[in-house]
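In: Here is the input, now give the coordinates:
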Amino acid sequence: MAEFVVLRDSTTYNVIMGRKTINEFSAVICTKFLVMKFVTDDGVVGSIRGDVEMTIACDNTSLSLRKRSKEAAGVFLANLDARLDENPRPKPQGDLEKFRFGDSEEKFTFVNRNLPHNLKEPLMKTMRANGNLFAWTPADMPGVDPNFMSHQLAIKLDTKSVAQRRRKMSQEIANEVAKQTASLLDAEFIREFEYSTWLSNVVLVKKANGKWKMCVDYSDLNKACPKDSFPLPNIDALVDAAA
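Out: All right, here's what the predicted structure looks like:
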């Protein structure tokens, strides 16, 4: 038995099965040959085969639906990716006052100045008692000990090393890169190595609050890693919609 969510909307897909249901069926899906194999009740391997023409027709219909209707696009995207939401982000209400509860001037937050006394005092007391739970710098988030758990990348054996060209940066971005790199070094998130040729460029992206977010261009590394067989319908839908 499997539970499904029924949507009353235009969609080209009749049923979308999640990874949990596929595992319970002991099913194996090959998208290239449009076939799903599974173990039946009597122990034999059953097969369900798709139709190439029907698959192409569904894909074309899916693309046309997204172009014609924003509501139809919402079925494919909003219900598959919880991050997509047209509602504005919540903002603090009322007059705020600065409240320091750490051992330095930099460790502070804001509380509503007009909160009732019976709510405001217990809130501030709880925050002071649990001040060590807040992370103020990257060094306050040590992460998982590598001796406990570590991750290794699977690289294709026939992959050739790629030397990325150095990207030019403005002085403002270069200063921000040096600042964020120094904080990561202090927190021991990264270590310094001398690989002058085999480096990946960093990319800085402006966040909504005006600060910089530093990313690393791992596009060449992603191409060298084999893709896994786990279906990612939300990512597939986002890529299709972008295309």
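
In: Give me the number of neighbouring residues for the closest residue to Arg100 other than its chain neighbours.
Out: In space, Arg100 comes closest to Phe108 once its chain neighbours are excluded; the distance is 4.3 Å by C-beta to C-beta, 6 or more residues apart in numbering. For the C-beta atoms, the positions are set from N, CA and C on the backbone; glycine is no exception. Other residues within reach of Phe108, judged by other C-beta atoms under 10 Å, total 12.

In: Let me see the contact set for Phe108.
Out: The neighbours of Phe108, taking C-beta atoms under 8 Å, 6 or more residues apart in numbering as the test, are 98-102.

In: what about 7 Å?
Out: 98-100 (C-beta atoms under 7 Å, 6 or more residues apart in numbering).

In: out of these, which are inside strands?
Out: With DSSP state E as the criterion, strands contain 98-100 from among the contacts of Phe108.

In: Who wins on neighbours among these?
Out: Greatest neighbour count in those, by other C-beta under 10 Å, goes to Phe99: 15 neighbours.

In: doesn't Arg113 make contact with that residue?
Out: No: counting by C-beta atoms under 7 Å, Phe99 sits too far from Arg113 to count as a contact (9.9 Å).

In: And Met124, how far from Lys223?
Out: For Met124, the distance to Lys223 equals 52 Å [C-beta to C-beta, to the nearest Å].

In: Settle it for me: which of these two has more neighbours?
Out: For Met124 versus Lys223, neighbours defined as other C-beta under 10 Å are more numerous around Met124 (15 against 10).

In: And for Asp213, the neighbour number?
Out: Check again: residue 213 is Lys, not Asp. Neighbours around Lys213, by other C-beta under 10 Å: 11.

In: is it in a bridge, and if so with what?
Out: Beta-bridge partners recorded for Lys213 (DSSP bridges): Val205.

In: Tell me if I'm right that it and Val205 touch.
Out: Yes: Lys213 lies in contact with Val205 (C-beta under 7 Å); the separation is 4.8 Å.

In: what about Ala163, how many residues close to it?
Out: 10.

In: Show the model's pLDDT score for it.
Out: Here, the pLDDT recorded for Ala163 equals 87.

In: before we move on, the earlier item: pick the one among the contacts of Phe108 closest to Arg8.
Out: Among these, Phe99 lies closest to Arg8 (C-beta to C-beta), at 47.7 Å.

In: show me what contacts the closest one?
Out: 108-111, 124 are the contacts of Phe99 under C-beta under 7 Å, 6+ apart.
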